[in-house]
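Participant: the sequence and its predicted three-dimensional model are supplied below.
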Amino acid sequence: MKITDILEETYSALSANKVRSGLTMLGIIIGISSVIAMVSIGQGAQSAIQASIQSIGSNLVLVTPGAQRGPGFQVSAGRGSARTLTQADADAIVKEITLAKAVAPEISGRYQVTAKGTNTNTSVIGTISAYPGVRNVEIDQGSFVSDQNVRSLAKVAVLGPTARDDLFGAGADAIGQTIRIKGIEFKVVGITKAKGGSGFGSQDDMIFIPLSSAQKFLAGEDYVTTISVQATDSSSMTEIQTQISDLLLSRHHITNPQLADFSTLNQADIVATASSVTGTFTTLLAAVAGISLIVGGIGIMNMMLTTVTERTREIGLRKAIGAKKKDISLQFLIEAIMLTFIGGVIGVILGWSISFGVSYLGILQTSVSVSSILLAFGVSAGIGIVFGYYPARRAAGLNPIDALRYE
Amino acid sequence: MIEVKNITKTYSSGTDLEFKALKGATFKIEDGEFVAIMGPSGSGKSTLMHILGALDTPTSGKYYLDEKDVSTLSEDELADIRKDKIGFVFQSFNLLPRTTVLRNVMLPLIYEGVNKSEREKRATEALISAGLDESHFLHLSNQLSGGQIQRVAIARALVNNPSLILADEPTGNLDSKTGEIVLGTFQKLNKEKGRTIILITHEHDIAEHAERIIHIKDGEIVSDSKSHKKRII
């Protein structure tokens, strides 16, 4: 029996019962399309989170204060609220950690900010000129806080676009205008570019002022809330992290690293953690979709068994006119595979459309990978083989005499 | 040529119960004969037909079809014998539903691996020999009358050019008038094309259309004689 003949037989068998074939295929279509859509949405979420993490800078080690924990005490104040990192610590890091490409200490806090008749509550970050390079902040208009500003305790401010919009109206020219932070006047010298990103709070609703000014006029003390250390490349990050820990431990006279009054956060770790979380979610979604695929496969088996029973006499006839076991089992197996394969093709198209729709509607930037399509095809054909094998074997095993007599 | 030597068939159901459907049948059928195997139900004629049609093998004894011993073949080898040497006509027609007449007749050739244009040519020839009008070739099998359907089935049995056509109660589902037409078709095929035909029936009236009647009862051949021919053509 030639393969073209088998395909022709298959086509005529499937088209003889269009509604039933269609409904059976629907199970596979839903299964395959949901696997494709879920995986693409999962991967989209993963890349969105990674982009969000990358937007705060690249190859960063973040040093943040934490309350010192005495032995036996498990209570600690919220991270960032403690004041254990000082300007001197930041200076020491700049001096001692030679592997670091740039170091940007900052002090941040939320303050009421006013401008002519408007006011907003936003975060104010006191920092130095290295900050934009370290934290991926780009200047749109004017300039960022300069070293000169820091040295001279200048009352200048750089606004994020959202803060600018809130204070002066969308797109207004704010350069040269005056804002008041905690009642103290600051002159606007620059506007940063919009970064978007929402993963870790809006990066656009911020006001940057010189570090020294923030410490003196706003906080009243010379502590810092975060020291961002940028490594030259990702391979040296772990080493920098260790060096900083050792340096600060000795500066703070702490012998047990468990009791450190600060913490260091390696950006690679954040990315890895986030990736593993989204990876788990993707697996979970794909597993749920995979279950529906199995249910679809059982639907195929059910239909094929019904078909074999219904066509018992036909099988008997085919055997009587010379069909071998192999011919019969191949015919029914190919019928099952054809159902799942066509279902798979439609499922891939549908899944692709869903993920395209999700991207198009701006919910999430999804991407359908070639590997997930190949996997879907493989799985659908595999399901056809697995769930078609038993009915096909049953058909092939029928005794022609009994099959011909079957009523 | 068919040669059956002392064949028996025993069905055992359970441990002790044995049923002897055939108790040693021996006969010869030459090429070009038209033989009726006649017997009441339960006589073993169906069992004999299954063995002659290579659908089953005897428990003991020998069956030679064209000098080839068929009695000891495997399932797949039997399928090959059926494909090449035997054409079946059934009481219940067994055409594929929702399939055209032509495709139904071409079906045996698919398993022979004959290519498509050759298949169509041979199927057309077979349908014409079976006396079906060309206007019906593309009709679906369920759009035909009983007599036409049985002639399509005869064409299907002819298409692989078999050594033997086995007709199992071919008129059983037809009224007597259409039955006569179908039996006439067999006589014509036998006389004009020299086909070897074995007609299995329980009715004497039908059996008389053949040239020779082998009468079987309780698994044994009770008579083997020339018939008082009922010639239609």
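Facilitator: Nice, thanks for sending it over.
Participant: just give me the residue right at the centre of the chain.
Facilitator: I'll assume chain A. Nearest to the mean C-alpha position of chain A, by C-alpha atoms, centre = their mean, lies A:Gln46 at 1.7 Å.
Participant: that's the wrong chain, I meant chain B
Facilitator: Geometric centre of chain B, nearest residue: B:Leu166, 1.1 Å, by C-alpha atoms, centre = their mean.
Participant: tell me which element that one falls in.
Facilitator: Following DSSP states H and E, one finds B:Leu166 within strand B:164-168.
Participant: sheet partners, orientation included, of that strand?
Facilitator: strand B:86-89 (parallel), strand B:197-201 (parallel) (DSSP bridges).
Participant: does chain A sit close to the one helix or strand B:Gln150 maps to?
Facilitator: Element membership of B:Gln150, judged by DSSP H and E, is helix B:146-158. Yes: for helix B:146-158 and chain A, the contact criterion (C-beta under 8 Å from any C-beta of the partner chain) is met by B:Arg156. C-betas here are computed from N, CA, C, even on glycine.
Participant: and what of stretch B:61-69?
Facilitator: No: if you take C-beta under 8 Å from any C-beta as the test, stretch B:61-69 misses chain A, and the best it gets is 14.0 Å.
Participant: follow-up on the earlier one: export whichever helix or strand comes after the strand holding B:Leu166 to CSV, keeping only CA atoms.
Facilitator: Using DSSP H and E, the helix or strand that follows strand B:164-168 in sequence is helix B:176-193. The C-alpha coordinates for helix B:176-193 follow below in CSV (Å, rounded to 0.1, in the frame of the first residue of the first chain):
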residue,chain,number,x,y,z
SER,B,176,-35.9,-13.0,-6.3
LYS,B,177,-36.0,-11.0,-9.5
THR,B,178,-32.8,-9.0,-8.8
GLY,B,179,-31.3,-12.3,-7.4
GLU,B,180,-31.9,-13.8,-10.9
ILE,B,181,-30.0,-10.9,-12.5
VAL,B,182,-27.1,-11.3,-10.1
LEU,B,183,-27.0,-15.1,-10.7
GLY,B,184,-27.1,-14.4,-14.4
THR,B,185,-24.1,-12.1,-14.0
PHE,B,186,-22.2,-15.0,-12.4
GLN,B,187,-23.2,-17.4,-15.2
LYS,B,188,-22.1,-14.9,-17.8
LEU,B,189,-18.7,-14.4,-16.1
ASN,B,190,-18.2,-18.2,-15.9
LYS,B,191,-19.2,-18.9,-19.4
GLU,B,192,-17.7,-15.9,-21.2
LYS,B,193,-14.7,-15.1,-19.1
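Participant: show me what helix B:176-193 is packed against.
Facilitator: Contact here means 3 or more C-beta pairs under 8 Å, 6 or more residues apart in numbering or on different chains; DSSP states H and E; on that basis helix B:176-193 packs against strand B:34-38, helix B:146-158, strand B:164-168, strand B:197-201.
Participant: and those as CSV, adding distance to A:Ile107?
Facilitator: Formatted as CSV, the helices and strands packed on helix B:176-193 follow (distance: least, C-beta to C-beta, whole Å):
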stretch, distance to A:Ile107
strand B:34-38, 109
helix B:146-158, 94
strand B:164-168, 100
strand B:197-201, 105
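Participant: TSV for the ones you listed, including mean pLDDT?
Facilitator: Converted to TSV, the helices and strands packed on helix B:176-193 look like this (pLDDT from 0 to 100):
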stretch	mean pLDDT
strand B:34-38	95
helix B:146-158	92
strand B:164-168	94
strand B:197-201	95
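Participant: of all the ones you listed, which one comes closest to A:Gly66?
Facilitator: Closest to A:Gly66 of these, according to C-beta to C-beta: helix B:146-158, at 88.4 Å.
Participant: identify the residue nearest the residue of chain A at minimum distance from chain B in space, chain neighbours excluded?
Facilitator: Across chain A, no residue is closer to chain B than A:Gly322, which sits at 2.5 Å (C-beta to the nearest C-beta). The shortest distance from A:Gly322 to any non-neighbouring residue, by C-beta to C-beta, 6 or more residues apart in numbering or on different chains, is to B:Lys83 (2.5 Å).
Participant: so who does the one you found touch?
Facilitator: B:Lys83 sits next to A:321-323, B:108, B:111-112, B:160 when contact means C-beta atoms under 8 Å, 6 or more residues apart in numbering or on different chains.
Participant: max pairwise distance over those: which two?
Facilitator: The distance between the two most remote of the contacts of B:Lys83 (C-beta to C-beta) is 12.4 Å, for A:Ala323 and B:Asn160.
Participant: higher neighbour count, these two?
Facilitator: Legend: neighbour count by other C-beta atoms under 10 Å in any protein chain shown for A:Ala323 and B:Asn160, higher for A:Ala323 (25 against 22).
Participant: before we move on, what SS does that one have?
Facilitator: State at A:Ala323, reduced to three classes by DSSP: H, G, I helix; E, B strand; the rest coil: coil.
Participant: any stretches of the stretch 151-300 of chain A with poor pLDDT?
Facilitator: For the stretch 151-300 of chain A, the stretches with pLDDT under 70 are A:196-202.
Participant: no wait, chain B
Facilitator: Looking at chain B by pLDDT under 70, you get B:233.
Participant: in it, which residue sits nearest chain A?
Facilitator: At 2.5 Å from chain A, B:Lys83 is the closest residue in chain B, using C-beta to the nearest C-beta.
Participant: just confirm that residue is within a strand.
Facilitator: No: for B:Lys83, which was evaluated using three-state DSSP, the result is helix, with no strand membership.
Participant: show the contacting residues for B:Phe88.
Facilitator: B:Phe88 neighbours (C-beta under 8 Å, 6+ apart): A:320-321, B:53, B:82, B:157, B:165-168.
Participant: now with 10 Å?
Facilitator: Contacts for B:Phe88 (C-beta atoms under 10 Å, 6 or more residues apart in numbering or on different chains) come out as A:317, A:320-321, A:400, A:404, B:49, B:53, B:55, B:82, B:94, B:108, B:153, B:156-157, B:162, B:164-168, B:170.
Participant: what secondary structure does A:Ser236 sit in?
Facilitator: Secondary structure state of A:Ser236, per three-state DSSP, is helix.
Participant: before we move on, back to that, so which bits of the strand holding B:Leu166 are buried?
Facilitator: The neighbour-count check on strand B:164-168 (16 or more other C-beta atoms under 10 Å in any protein chain shown) flags B:164-168 as buried.
Participant: let's see it as PDB, backbone CA atoms only.
Facilitator: As requested, the backbone C-alpha atoms of strand B:164-168 are provided in PDB (Å, rounded to 0.1, in the frame of the first residue of the first chain):
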ATOM      1  CA  LEU B 164     -11.500 -18.000  -7.600                       C
ATOM      2  CA  ILE B 165     -14.600 -16.000  -6.900                       C
ATOM      3  CA  LEU B 166     -16.300 -16.900  -3.700                       C
ATOM      4  CA  ALA B 167     -19.900 -15.800  -3.400                       C
ATOM      5  CA  ASP B 168     -21.400 -16.200   0.100                       C
END
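Participant: from the chain's centre, how far out does that strand sit?
Facilitator: The chain centre lies 1 Å from the centre of strand B:164-168; the measure is C-alpha atoms, centre = their mean, to the nearest Å.
Participant: any part of the helix or strand hosting A:Ile29 near chain B?
Facilitator: Using DSSP H and E, A:Ile29 maps to helix A:18-54. No: applying C-beta under 10 Å from any C-beta of the partner chain, one finds helix A:18-54 separated from chain B by no less than 11.2 Å.
Participant: thanks a lot, catch you later.
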